[in-house]
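Novice: this one's structure only:
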């Protein structure tokens, strides 16, 4: 059978065919000048007030190590259309350019580069498809997850979504995005172990059904795992809660840490379950809720005062179902020292290499961004894009900072302006302007075209 | 840096923690009876009239080979919560049961099993999360792609979506789903090579912008790749078409196979481009359209008579953005010879192992399904679920049939009733009934509970 795994050394082939045909054309035409490509999106997805840029530093590190193995070259030769001289050249292909990125976990807005590549065009072009695939996944997932974290207002959110995510890489790498976004844990064993997020697990209905009675299942599981979470809705949720209480009464050595509600009207059930637990003196037993939760459902539950301690979130977060794609572009903005931009209908790009400056107010809250030319120096605001790869080599300090993204996002969320925190659709009021220099360049380009 | 790849031998850890804790509990309780788990969805996603079941035979084959390597066991030991005796038992863990599946590419409806597992409960339970992750991806993508194939009414559809898909596995394995659904090609090099779908590619705006003029870019690319497709919308689409025509007039040795429209009003532009090409005698030059296409946009273009020969589809198909998840369940339906079902609010499952019978009318068109107990024999209709893994070993004939899914889907589409072919939301009118035997079992269970 065909293997399922995609090996790291196969990633050079995870690209669109035209990247290779265009690169062969650059090679044939001896086009060796430096290009700058900029990765950005033209508009926020509907309902989103910002995106949390994730994956770009890891992706930059990864593509800087791309190689065409002998196996890959043999497969390309078999595909046809490539000259022997070009395949020989690909065998020696190395990325030797620079990659600027936003730090992992930076809130990002329309037209702001998440990443820019400066390299000979035949190097920069070849990175496009893979960079986009890698970065989109983590940015889409982190941007959804951070909304759910905000909705939970400090209560732990646990990822239960592995089964709903789009395949193996999404499930595993998604946990890194969730970690950055501030989730408390994940049910996903490989993802959590690899990306250092606490493992969480409860029990499934099948365990209850495989036993002769719900009570017997509760007793067995709680004896195996003192302090565990018991799933109470296999038959009738509140009867399940009562059975847990009776079990703790009849067998005082049994310790239950929490109950999980996984169906029905979670707010009403949580209130009644809380009342029954408290009346029996079990105010330390927590309530975990799951089943179709997203940021809006969590906000509504908490607004209504539902006594839920932990949220387990799967389906909606696992594919970011309200915004499963961002319309990322990777556009040539300069070649051979000249700004280049595309004028297709409805799509205008900002010319030249760029920098984004973010101003903070007196309380350290983001107050607005200015997109500028990369060589501009602006008084107000600090530059966000940092060199993550220089002359083909990852910058160790930048990568170390990438590892601290979770802590940085937590600080960012604590200082996020209200217009960015709100979960309902609407304008954030967060200003993103062009610098005078960039505005002049856009105007000059419009006159030329 | 953390590797990106997930190796095949790591897949036993790609699971939810509770599968392992429940399995340890079954081990401790010496629960060794045979369980049947059924994988199905409770309702079609909004707007879908059927789903194209994909990935289940490949997933069955894959999980039948799951092993816990020494490395995996060491990681579990490090995670805590597992007894040495259980980890030793996991080291010898093998799947020795049976897996029934729908053949790859079968249209499937609510409550019909895509897959059933019969195995000792500690084997069947452990497969849940991975089976769901693997099958959902391919079913979601194939079900969207087949709608786009139907919308194109025989015109080739090419996958341009690798950059928008959710990570590496989605991009590569997605091509298998696209192949099954009937796409003509893909731009995705690794996906196409691995899963035997023709590679397609055109050119990007960056290639045009890196040249001194659009005409110079067209000349260079067409000389490198005689018969290629030229992207004409970097500046002004119709001026781009005129430049292609002028180039072919001035340099008759240049051969252009097609032009690609990638922005603007595709219908209007296609008509005007067609008129200009035809007027210049280039009626053999085809028109490829891309840019935000989905089944509805393609249907509208063709209804309006747009002279488009090939559709390049990316974003919407790449994540199936209108239905990126199916609410798959993997439910215990029998244990130790007894039907088991769950009664949580709003969720009723059908008890026992099952079979699906599909009736064909006199013209060979599907006329309706009956979900039955697996041991029932129904006169009308042929059974759909086939044994794909028996006593832990893949069934070679079943796997060979999986490889022919593309041809089978093409035949299926040719005979699909109108109610299933329509792309607009609405009832398909396709009947899915319970057999008398299964209806009795549901009623008996309802009386017991």
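Specialist: Thanks, I have it. Keep in mind that this is a model prediction, so the values were computed, not measured.

Novice: From residue A:228, how far off is residue A:281?
Specialist: Look at residue A:281 and residue A:228: by Cβ to Cβ, to the nearest Å, they are 19 Å apart. C-beta coordinates here come from the backbone N, C-alpha and C atoms, glycine included.

Novice: Then residue A:120?
Specialist: Going from residue A:120 to residue A:228 by Cβ to Cβ gives 57 Å.

Novice: Now for the nearest residue to residue A:415 once chain neighbours are set aside, how many residues are close by?
Specialist: Spatially, and ignoring its direct neighbours in sequence, residue A:415 is nearest to residue A:365 (4.8 Å; Cβ to Cβ, 6 or more residues apart in numbering or on different chains). Counted with other Cβ atoms under 10 Å in any protein chain shown, the neighbours of residue A:365 add up to 15.

Novice: same check, this time on residue A:413
Specialist: Neighbours of residue A:413 (other Cβ under 10 Å): 18.

Novice: Point me to the helix or strand that includes it.
Specialist: Element membership for residue A:413, per DSSP states H and E: helix A:405-414.

Novice: any weak-confidence spans in chain A?
Specialist: A:1, A:343-348, A:448-449 (pLDDT under 70).

Novice: Distance check, residue A:256 against chain B.
Specialist: 15 Å (Cβ to the nearest Cβ, to the nearest Å).

Novice: And the next helix or strand past the longest helix along chain A?
Specialist: If you go by DSSP state H, chain A has its longest helix at helix A:121-151. With elements assigned by DSSP H and E, the helix or strand that comes after helix A:121-151 is strand A:157-159.

Novice: Quickly run through the sheet partners of that following strand, with directions.
Specialist: For strand A:157-159, the paired strands and their directions (DSSP bridges) are strand A:185-186 (parallel), strand A:310-313 (parallel).

Novice: How about the helix holding residue A:413 and chain B, touching?
Specialist: No: using Cβ under 8 Å from any Cβ of the partner chain, helix A:405-414 stays clear of chain B, with a minimum separation of 13.3 Å.

Novice: Off-centre distance for that helix?
Specialist: 14 Å (Cα atoms, centre = their mean, to the nearest Å).

Novice: so what does that helix touch, helix or strand wise?
Specialist: Where contact means 3 or more Cβ pairs under 8 Å, 6 or more residues apart in numbering or on different chains; DSSP states H and E, helix A:405-414 is packed against helix A:121-151, helix A:167-181.

Novice: switch the cut-off to 6 Å
Specialist: Helices and strands touching helix A:405-414, by 3 or more Cβ pairs under 6 Å, 6 or more residues apart in numbering or on different chains; DSSP states H and E, are helix A:167-181.

Novice: Now do the helix it packs on against helix A:405-414, angle only.
Specialist: 50 degrees (axes from the mean of the first three to the mean of the last three Cα atoms, to 10 degrees).

Novice: ok, and what's touching helix A:167-181?
Specialist: A:54, A:104-105, A:137-138, A:141-142, A:145-146, A:149, A:159, A:162, A:165, A:186, A:188, A:190-192, A:195, A:197, A:405-406, A:409, B:6, B:133, B:137, B:166-170, B:173 (Cβ atoms under 6 Å, 6 or more residues apart in numbering or on different chains).

Novice: can you tell me if the host helix or strand of residue A:20 touches chain B.
Specialist: For residue A:20, the host element (DSSP H and E) is helix A:17-28. Yes: using Cβ under 6 Å from any Cβ of the partner chain, a contact is recorded between helix A:17-28 and chain B, made by A:17, A:18, A:21, A:22, A:25, A:28.

Novice: Report the contact partners of residue A:423.
Specialist: A:147, A:295, A:299.

Novice: Who has more neighbours out of residue A:120 and residue A:228?
Specialist: The neighbour comparison of residue A:120 against residue A:228 (other Cβ under 10 Å) goes to residue A:228, with 24 against 16.

Novice: Quick check: whichever residue of the stretch 201-350 of chain A sits closest to chain B vs residue B:339, distance?
Specialist: Closest to chain B within the stretch 201-350 of chain A is residue A:201: 3.1 Å, counting by Cβ to the nearest Cβ. Note on residue A:201: its distance to residue B:339, by Cβ to Cβ, is 27 Å.

Novice: In terms of neighbours, single out the busier of the two.
Specialist: Legend: neighbour count by other Cβ under 10 Å for residue A:201 and residue B:339, higher for residue A:201 (25 against 20).

Novice: quick one: the more buried one and residue B:22 touch, right?
Specialist: No: judged on Cβ atoms under 6 Å, residue A:201 makes no contact with residue B:22 at a distance of 8.6 Å.

Novice: Look up the closest residue to residue A:241, ignoring the ones flanking it.
Specialist: Closest to residue A:241 by Cβ to Cβ, 6+ apart is residue A:273, at 4.6 Å.
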